[in-house]
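Novice: Mind folding the following:
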Amino acid sequence: MRVGLVIYGSLATVSGGYLYDRQLVAHLEQQGDEVAIIALPWRSYGRHLLDNLSADLPRRMNGGFDVVLQDELNHPSLAWANGRLRRGPHPPIVAIVHHLRASEQRPAWQNWFYRRVERRYLRTADAFIFNSQTTRREVEALTGRARPHIVAYPGGDRLGPPATLSLEARANQSPFRLLFVGNVIPRKGSHDLVAALARVKGDWTLTIVGSVAVDATYVRHVRELAAQAGIGERLIWRGGLPDNELAAEMAAAHVLAVPSAYEGFGIVYLEGMGFGLPALATTAGAAAEIVTDGGNGYLVPPGDVVALAARIQSLLDDRALLARLSAAAVAGYAHRPTWAETTAAMRQFLVTIARQPEGG
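Specialist: Residues are numbered from 1 along each chain as shown. Below you'll find the predicted structure:
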């Protein structure tokens, strides 16, 4: 099978969505498929819309492929280009949807515009790969139609959880160690986490793992919030880490705290559960498909720093509760698919789509 994959920038980009795409590409290549990356340059949303004027882009996507995969992140560049591609013989278009831009929190007028562009793009796809049921429901609600699809949950075994892990012994260690993993951007909620921690009494530290280069202005804001609250010295900034060092941080932490304003899935919650880390997440998006409130973690409304602080305080004060949630996290993780299982299911879906008559 010959596959084209449309992405922005490099497949090596560090994010959950690009990790998902990399895992799929690796599996396809292991199975003997040929994958050609059709990389578009990172630019502003407005300049991405101008990509639709390119006569070259539809030609690149019609380069003898059995199927064309498109990361939905690229929707502004493809909303009209796909329409031109579809005017003649073309391979099936399969959109990989991690989450909709219009699902993120921002001013209503902006999401009004984004919804219209995304709807136009999504209606040009012949089939979909979704990372969660939440994402599937939101796409079908936006487009008003169902198309052939697969919900392929991400795997959580990339980091390889340690063979031996004494959850009870770790739960009773001090200080109480929180771990944040993700690019330090507003959507991931590190400002809410800092505001919540300013309310927490006791001995704790917060380790922040993730790029600080994506939004330098926001990173300065988070640092200033911590300094103003008098907790700046308790924050440990690690930057981006290789997998082995990230695994070590997860093995040493007590909880994973990523109170995102929205997640289309939240791979890091699942990866943390493999290390026995209860997840502190929010009720927005698909986190509830992974995190059971009061079972293997807690869900709080996005932006509710009082509720978030209360959950952190309860786990810091009650180490038996922490140990129970840690054990539940490991148990839940054991029932989740591996990357090998997920990517095999995706490939079988693509084989089926590639064999269908043109246009599904």
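
Novice: in the protein, which ranges drop under the pLDDT threshold?
Specialist: 163, 356-360 (pLDDT under 70).

Novice: need the contact list for the residue lying farthest from the centre of it.
Specialist: Within the chain, the residue lying farthest from the chain centre (CA atoms, centre = their mean) is Gly88, at 34.5 Å. Gly88 makes contact with Asn62 under the criterion CB atoms under 8 Å, 6 or more residues apart in numbering. (Each C-beta comes from the backbone N, C-alpha and C, glycine too.)

Novice: Please renumber the chain so that the first residue is 36 from this point on.
Specialist: From this message on, residue numbering opens at 36, which makes the last subject Gly123.

Novice: In which helix or strand does it reside?
Specialist: When secondary structure is defined by DSSP states H and E, Gly123 falls outside every helix and strand.

Novice: can you confirm Leu59 is in a strand?
Specialist: No: using DSSP: H, G, I helix; E, B strand; the rest coil, the secondary structure at Leu59 is helix, not a strand.

Novice: what number of residues lie near it?
Specialist: 23 (other CB atoms under 10 Å).

Novice: Would you agree it is in contact with Phe384?
Specialist: No: the criterion here is CB atoms under 8 Å, and Leu59 misses it with Phe384 at 10.6 Å.

Novice: ok, back up a step: measure the residue farthest from the centre of the chain to Ser209 for me?
Specialist: 67 Å (CB to CB, to the nearest Å).

Novice: Contacts only, for the closest residue to Arg222 other than its chain neighbours.
Specialist: On the basis of CB to CB, 6 or more residues apart in numbering, the spatially nearest residue to Arg222 that is not a chain neighbour turns out to be Ala296, at 5.1 Å. Shown in contact with Ala296 (CB under 8 Å, 6+ apart): 139-140, 221-224, 317, 319, 337-338.

Novice: Kindly recompute the last result at 10 Å.
Specialist: 138-141, 220-224, 227, 317, 319-320, 337-338 (CB atoms under 10 Å, 6 or more residues apart in numbering).

Novice: ok, back up a step: how far away is the residue farthest from the centre of the chain from Asp86?
Specialist: Counting by CB to CB, the gap between Gly123 and Asp86 amounts to 20 Å.

Novice: With Glu139 instead?
Specialist: 21 Å.

Novice: Tell me where this structure has strands.
Specialist: Assignment of strands within the chain using DSSP state E yields the ranges 37-43, 69-75, 102-106, 128-132, 162-165, 184-186, 211-216, 239-244, 270-274, 290-292, 314-317, 332-335.

Novice: Just send the ones you listed back as a markdown table, with distance to Asn146 and mean neighbour count too.
Specialist: Shown next, in a markdown table, are the strands of the chain (distance: least, CB to CB, whole Å; neighbours: other CB atoms under 10 Å):
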| stretch | distance to Asn146 | mean neighbour count |
| --- | --- | --- |
| strand 37-43 | 20 | 21 |
| strand 69-75 | 23 | 15 |
| strand 102-106 | 20 | 24 |
| strand 128-132 | 17 | 25 |
| strand 162-165 | 20 | 25 |
| strand 184-186 | 23 | 17 |
| strand 211-216 | 26 | 24 |
| strand 239-244 | 28 | 20 |
| strand 270-274 | 31 | 15 |
| strand 290-292 | 27 | 27 |
| strand 314-317 | 18 | 27 |
| strand 332-335 | 23 | 24 |
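
Novice: Distance to Arg82 for these - can I get that in CSV?
Specialist: Putting the strands of the chain into CSV (distance: least, CB to CB, whole Å) gives the following:
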stretch, distance to Arg82
strand 37-43, 12
strand 69-75, 10
strand 102-106, 18
strand 128-132, 21
strand 162-165, 26
strand 184-186, 30
strand 211-216, 30
strand 239-244, 31
strand 270-274, 29
strand 290-292, 35
strand 314-317, 31
strand 332-335, 37
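
Novice: For Arg151, find the nearest of these.
Specialist: Closest to Arg151 of those is strand 128-132 (CB to CB; 16.7 Å).

Novice: so how many other residues sit close to Gly81?
Specialist: In terms of burial, Gly81 registers 8 neighbours under the definition other CB under 10 Å.

Novice: try Phe310
Specialist: 26.

Novice: Return the residues in contact with His256.
Specialist: The contact partners of His256, by CB under 10 Å, 6+ apart, come to 219, 221, 225-226, 229, 250.

Novice: mind redoing it with 7 Å?
Specialist: His226 (CB atoms under 7 Å, 6 or more residues apart in numbering).

Novice: Please report how far it lies from Asn331.
Specialist: Separation of His256 from Asn331 (CB to CB): 31 Å.

Novice: ok so, going back, and the gap between the residue nearest to Arg222 and Ala323?
Specialist: When distances are taken as CB to CB, Ala296 and Ala323 turn out to be 15 Å apart.

Novice: And the furthest pair within the contacts of Ala296?
Specialist: Of all pairs drawn from these, the greatest distance, 18.0 Å, lies between Ser138 and Asp227 (CB to CB).
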